[in-house]
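J.: Need a 3D model of the sequence below.
(one chain, ligands or ions: 1)
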Amino acid sequence: IVSPLNKIPGPWHARFTSLVLKWHEFRANRTRYIHELHLEYGPAVRIAPDEVAFASAGAVKEIYCSGGSGYDKTEFYDLFKVYGRRTMFTTLNKDDHAKRKRILADRYANTNIVRPQSLDGIAARAANFVTRCFQSMGGSLDLYVRLHAYAFDCVTHHLFHPNGTNSLQSSKDEEIMREVTFDDSLQNRLFQYYWPAAHKIFGKILYLFAKPRETPLADDFVLDTCARTDTAPFTLLNRLQAPTFNLDDLDIAAECLDHMAAGIDTTGDALCFLMWELSQPSSIHYQKRLQAELLANPDASFDKLPYLDAVVMEGLRCFPAIPMSLPRYVPSGGRTVDGFFLPEGTTVSCQAYSVQRIDRTVFPDPDTFRPERWLEPKGDAERKKLFFAFANGGRGCVGKHLALAEMKMLLQAVYSRFTTLPDATMEPHFSQPQTTATMASLVNVRRDVSDPFYRYKMERLQTKIEGKGNGIKTVVVNLSSVAQSLARPGSYLIKYFGFELGAQTNLDPPDDRWIINGAHEANKLQELLDGFISKFVLCKKCKNPETDVHIKDGRITLDCKACGQRSEVDLRLKLSGFILKNVPKKTKKDKAERRAARKAKQNGKADAENGSGGDDNGSDQASPVADDKGIESDDDALTRKIKTEAQGLENKQVEVKDDEWAVDMSEEAVKARQQQLPGEFKQKLVLNGDDEDEEGEGGGNTVYDQLGTWIQEQADQKEGINNVDDIDIYIKAKELGIESKHRTVLVLVQTIFDENICNQIGKRAGMLKRIISSERHEKALLGGTERLIGHLAGEHPEMYDKVVKILQLYYHHDLISEEVVTKWGSRASKKYVDLATSKKVRKAAEPFLTWLAEAEEESDEDE
Ligand code: HEM
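T.: Numbering: from 1, shown residues only. Sure thing, here's the model as predicted:
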């Protein structure tokens, strides 16, 4: 009889024997072998006389999802029986599986995972991991071991709390984890599975090479723990012990051991692969972008961070923890898959490794790790259909939500504090995860602030001593990144070190190698950097680092974006002399270049291309702005640097649009974020960024709150804000002694305007004009407007369409000046709203800003 499988492409020997396939399987090469066959023969390949591998969305749907849980599993899964019992994972047929799944599925539902008790447990373990990172700072951390310990502690928390493990801190528990993780018994078990008779004879000899499964410590731990009856209600054990289900002790222990094992290597490997990839030089810009998102949203929940989500998805796509075939039997009567008829009993499978990379129309350049692909709206549905890391259908991974929460919370905890780099001794190699990463920590820009959530961070300085004797020198490896975080040119920093140490430095290294002559410890430089920050970065009044450098009439001032203060820099300092002598001349061309650079930076690309700190790394600051009266030729170091950057940016295609990746702005996400906020009115009236509170002013917002509350009450009484009289509002502000304060403007914008703002501006312009008397006031007006729009956009997405009109009206009524609004429009800021909203508002403002710029250029030309 001619087999219908003969029609399926594949190597010639697959028609006659499965030996080649088995040979690859014993060499742990099956997955790669099948993938090569897919590349050669297409998404359907016959791999053995009675076995076919598929790699298409249609096949995934048919094999794993038809009838809910797809086709039955093969006896391959017998290899994974625990204590001789079948667990949910090892049940072969649908009905047995459904029975067990009904008992325990709710423990893994997302609603159960996001319960505080469950999430707090994961967060505590992520904190333990971070402690480990801090302990290894300046050195290396064995990620493979620690991540598996983390996964172990998380899963046992979910299974057994309060009797879970603490392997990140206790060596006894770590030993259990090692036993399970380093179990290498699969080859022995495969032999037993394929040749049971031979195994009986050769089993003892085989033992010398490949041991049978032996995990006595884990067995004892699970059996002992399952004997306890004090587990928390959210745990799996608590559920399995419920008398209604009538499970015996061994069934319960087997199920728990199975989940414990399923939860260690999978999550541990997935995180390990991902962190290894993020640490590579080729991916460091993805790490930076992730850090930027995390630092810009320090309070965001792990599941509300789109770039983090994209990073995790891409990690699981490129490096699925279970990359291999998941074999199933074709049910009775046979089935047609991908157009090929398959007789009953044929073994069919898909493997995540191939499914997630074979279709290049869905995953272009499939072997490249590129998280951005998950942010492109086009092709979203197709990508999701081919995402198979957790398998699919009723027998897909039940622990998926737990695993994702663990992965995201760990990455959030690590990358908002550290930079990871591969240890210098490691060579990349795919099949064996290379696992040591050097932790370069992020430190607070103000090191006297110990708050780990302080929003201004920079990399800790890293140095490398090179050469000997007279030629000994110190390379400041990450000077560019630190300089960028401080929004100062690298030349300022290196020159400052030079002056302080009395050493020669190089000012404009073409290859980004910043050098100080002599040997200097990183710690010493870090201390000196504190001095630089205090003298040349921090606002003298509020100590906020978001300052612009202004150079005018031989004076250097720091213009604080947080409090508006302009502080003088001490001109007696040596670096002041250097700064004054090296002012870039502001030409029209420079202006255009800055605009180009800003635009590209807004697209997040500058950061990616430079492979350093990045615009979004909490630093929406700009480079020093020279005044028109600046001196020196435009060929100096600084200008050259700006030019090269701008040129580089022009030559490179901008791939990602800012609003695609920064923060999820879908209605759903916006609503979810709003729900997290305390109360509507409170949200509406957040007066400051946290910067002023940070400075210990203790909030001090009460009078402003009073004004806001009073206006709100008046609006309620008078049935609408439009019925509240200007004069009354002004008098109230006067009563409170704040009628001339810039923050009053901030309160007013958010209370006297609503979604009908365009009709309201004209009527309120008189009162506002009376109050608005400086640049700070204008900034408050714009900031308050951003906040209002961000707040209203949840229910009125059309608010963004009104931005141009609003600005026109402000401009028309002389409430804002060209200078201030242009400056405001040139860079997003987190001062009043989250960065994404700020960017969105500015993007919406673009037509108005372009119009202003063109008008300015025309008038320049007239001159
Ligand atoms: C990144 C992490 C994880 C990945 C990639 C992953 C992947 C998978 C895959 C592909 C399957 C299907 C296996 C098959 O059909 O042969 C599966 C099943 C399963 N996973 Fe996961 N898993 C992960 C984490 C977890 C965690 C944390 C747990 C639990 C604590 C877990 C528990 C299970 C269980 C119990 C099954 C069997 C489900 C069933 O047969 O109904 N997994 N997982």
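J.: List the contacts of residue 176.
T.: By C-beta atoms under 8 Å, 6 or more residues apart in numbering, residue 176 lies in contact with 152, 165, 167, 217-218, 221. (Each C-beta comes from the backbone N, C-alpha and C, glycine too.)
J.: do the same with residue 266
T.: 151, 321-322, 397, 399, 403 are the contacts of residue 266 under C-beta under 8 Å, 6+ apart.
J.: quick one: which of the residues you listed is most hemmed in?
T.: For the contacts of residue 266, neighbours were counted using other C-beta atoms under 10 Å, and residue 151 has the most, 29 neighbours in all.
J.: Confirm that one sits in a helix?
T.: Yes: secondary structure of residue 151 (DSSP: H, G, I helix; E, B strand; the rest coil): part of a helix.
J.: correct me, but it touches residue 263?
T.: Yes: at 6.1 Å, residue 151 and residue 263 qualify as touching, with contact defined as C-beta atoms under 8 Å.
J.: for the ligand, what are the nearby residues on the stretch 501-650 of the chain?
T.: Counting by C-beta under 6 Å from any ligand atom, no position of the stretch 501-650 of the chain is adjacent to the ligand.
J.: low-confidence ranges in the stretch 501-650 of the chain?
T.: Low-confidence segments of the stretch 501-650 of the chain (pLDDT under 70): 584-650.
J.: In the stretch 301-450 of the chain, what residue lies closest to the ligand?
T.: Relative to the ligand, the nearest point of the stretch 301-450 of the chain is residue 399 (2.2 Å; C-beta to the nearest ligand atom).
J.: who touches that residue in this structure?
T.: Going by C-beta under 8 Å, 6+ apart, residue 399 touches 108, 155, 259, 262-263, 266.
J.: filter those residues to the buried ones?
T.: Among the contacts of residue 399, the ones that count as buried by 16 or more other C-beta atoms under 10 Å are 108, 155, 259, 262-263, 266.
J.: Count the residues that sit near whatever residue of the stretch 51-200 of the chain ends up closest to the ligand.
T.: Across the stretch 51-200 of the chain, the shortest distance to the ligand (C-beta to the nearest ligand atom) belongs to residue 89, at 3.8 Å. Applying other C-beta under 10 Å, we find 20 residues neighbouring residue 89.
J.: Mind putting the buried ones among the contacts of residue 399 into TSV with pLDDT?
T.: Below are those laid out as TSV (pLDDT from 0 to 100):
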residue	pLDDT
108	94
155	98
259	95
262	92
263	95
266	96
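J.: per-residue pLDDT, the residue of the stretch 301-450 of the chain closest to the ligand?
T.: pLDDT, residue 399: 96.
J.: for the ligand, what are the nearby residues on the protein?
T.: For the chain, the residues found near the ligand under the criterion C-beta under 6 Å from any ligand atom are 88-89, 101, 155, 259, 262-263, 266-267, 270, 320-322, 326, 389-391, 395-399, 402-403.
J.: The residue lying closest to residue 379 once chain neighbours are set aside: what's it in contact with?
T.: Distances taken as C-beta to C-beta, 6 or more residues apart in numbering place residue 362 nearest to residue 379, at 6.0 Å, with adjacent residues excluded. Listed by C-beta under 8 Å, 6+ apart, the contact set of residue 362 reads 379, 382-383, 386.
J.: sec struct for residue 362, please.
T.: Assignment for residue 362 (three-state DSSP): coil.
J.: what's the spacing between it and residue 385?
T.: 8 Å (C-beta to C-beta, to the nearest Å).
J.: And residue 232, by the same measure?
T.: Distance of residue 232 to residue 385, computed by C-beta to C-beta: 37 Å.
J.: if we can go back for a sec, turn the contacts of residue 399 into TSV, columns for secondary structure.
T.: Putting those into TSV (three-state DSSP) gives the following:
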residue	secondary structure
108	helix
155	helix
259	helix
262	helix
263	helix
266	helix
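J.: Can you tell me which of those residues is closest to residue 120?
T.: residue 155 (15.4 Å; C-beta to C-beta).
J.: residue closest to the middle of this protein?
T.: Central residue of the chain (C-alpha atoms, centre = their mean): residue 308, 2.9 Å from the mean position.
J.: starting at the chain centroid, how far to the helix or strand where that residue lies?
T.: In this assignment (DSSP states H and E), residue 308 forms part of helix 306-318. Between the centre of helix 306-318 and the centre of its chain there are 9 Å (C-alpha atoms, centre = their mean, to the nearest Å).
J.: how about the strands in the stretch 101-250 of the chain?
T.: 140-142 (DSSP state E, counting those that start in this stretch).
J.: The stretch 501-650 of the chain too?
T.: Applying DSSP E, counting those that start in this stretch to the stretch 501-650 of the chain gives strands spanning 514-517, 547-552, 555-560, 566-568, 625-626.
J.: which residues touch the residue nearest to the centre of the chain?
T.: By C-beta under 8 Å, 6+ apart, the contact list for residue 308 reads 290, 293-294, 302, 408, 411-412.
J.: now the contacts of residue 362: which count as buried?
T.: Buried members of the contacts of residue 362, scored by 16+ other C-beta under 10 Å, are 383, 386.
J.: Residue 496 against residue 533, yeah?
T.: No: Residue 496 lies out of contact with residue 533 (C-beta under 8 Å); the separation is 10.0 Å.
J.: From the neighbour counts alone, determine which of the two ranks first.
T.: The neighbour comparison of residue 496 against residue 533 (other C-beta under 10 Å) goes to residue 496, with 25 against 22.
J.: Need the three-state assignment for that one.
T.: helix.
J.: Next one, pLDDT for it please.
T.: So residue 496 comes in at 96 (pLDDT).
J.: Over to residue 684?
T.: Listed pLDDT for residue 684 reads 29.
J.: circling back: quick one, which of the strands of the stretch 501-650 of the chain is packed in tightest?
T.: Highest mean neighbour count of the strands of the stretch 501-650 of the chain: strand 514-517, a mean of 21 (counted as mean count of other C-beta atoms under 10 Å).
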